[in-house]
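In: sequence first, predicted coordinates after that:
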Amino acid sequence: MTSIYDLVGSNYLKASDVAESTPTVQLSGFKKEQLDGQTKGIAMFHGMQKGLVVNVMNAEVLVRMLGTTVFEEWTPIVQATPKWVTLYTEPTPMGDGIRIREAAPSQPTDPAPPADTPAMDPAMMQQFAAFQQFLASQKPQQ
């Protein structure tokens, strides 16, 4: 069944956006927006269109991560040093809410060699293996 709330467009993440998973995302910056007559802080993430309205619980996590309570300093910090968070949901008195926790950046399971590392051709690999065998044969026997 489709919830009516899934059909209503929003610029902000809601619990149903992350309920099925716990994505680890990189913070890209922060902005202030007017919501219901109040100025709210919005966390933005690389690769995501929607931002997260920063509530008190999430603000405490961000203050610990970023080392300052000064909101205007947060964007320069995450642009200078990548910061990653995991998004998850948690029941609250108002319904499920989105929470964040600090996370290490996700690493590929099989990282590719750096782009400037030339690939070794098979003939060179064969010569290298033969050279290693030669060196092993030259070691004094005990």
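Out: Done, it's in.

In: centre-most residue in this protein?
Out: Ranked by distance to the mean C-alpha position of the chain (C-alpha atoms, centre = their mean), the top residue is Val25 at 2.7 Å.

In: not counting its neighbours along the chain, what's nearest it?
Out: Ranked by C-beta to C-beta, 6 or more residues apart in numbering and with sequence neighbours excluded, the top spatial neighbour of Val25 is Phe45, at 4.2 Å. To be clear about C-beta, it is placed using only N, CA and C from the backbone, and glycine gets the same treatment.

In: again with Gly67
Out: Nearest residue to Gly67, sequence neighbours excluded (C-beta to C-beta, 6+ apart): Ile77, at 7.6 Å.

In: now Ala15: phi and psi?
Out: phi -50, psi -40 (degrees, to the nearest 10).

In: surely it meets Thr89?
Out: Yes. Using C-beta atoms under 8 Å, Ala15 is in contact with Thr89, at 4.7 Å.

In: any residues in contact with both of those two?
Out: Applying C-beta atoms under 8 Å, 6 or more residues apart in numbering, one finds that Ala15 and Thr89 are jointly contacted by Asp96, Gly97, Ile98.

In: which residues of the protein fall in helices?
Out: 4-7, 15-18, 56-66, 74-80, 122-137 (DSSP state H).

In: still on that earlier bit, from Lys83, how far off is the residue nearest to Gly67?
Out: Ile77 is 7 Å from Lys83, where distance means C-beta to C-beta, to the nearest Å.

In: now for these two: what residues contact both?
Out: Joint contacts of Ile77 and Lys83 (C-beta under 8 Å, 6+ apart) are Leu66.
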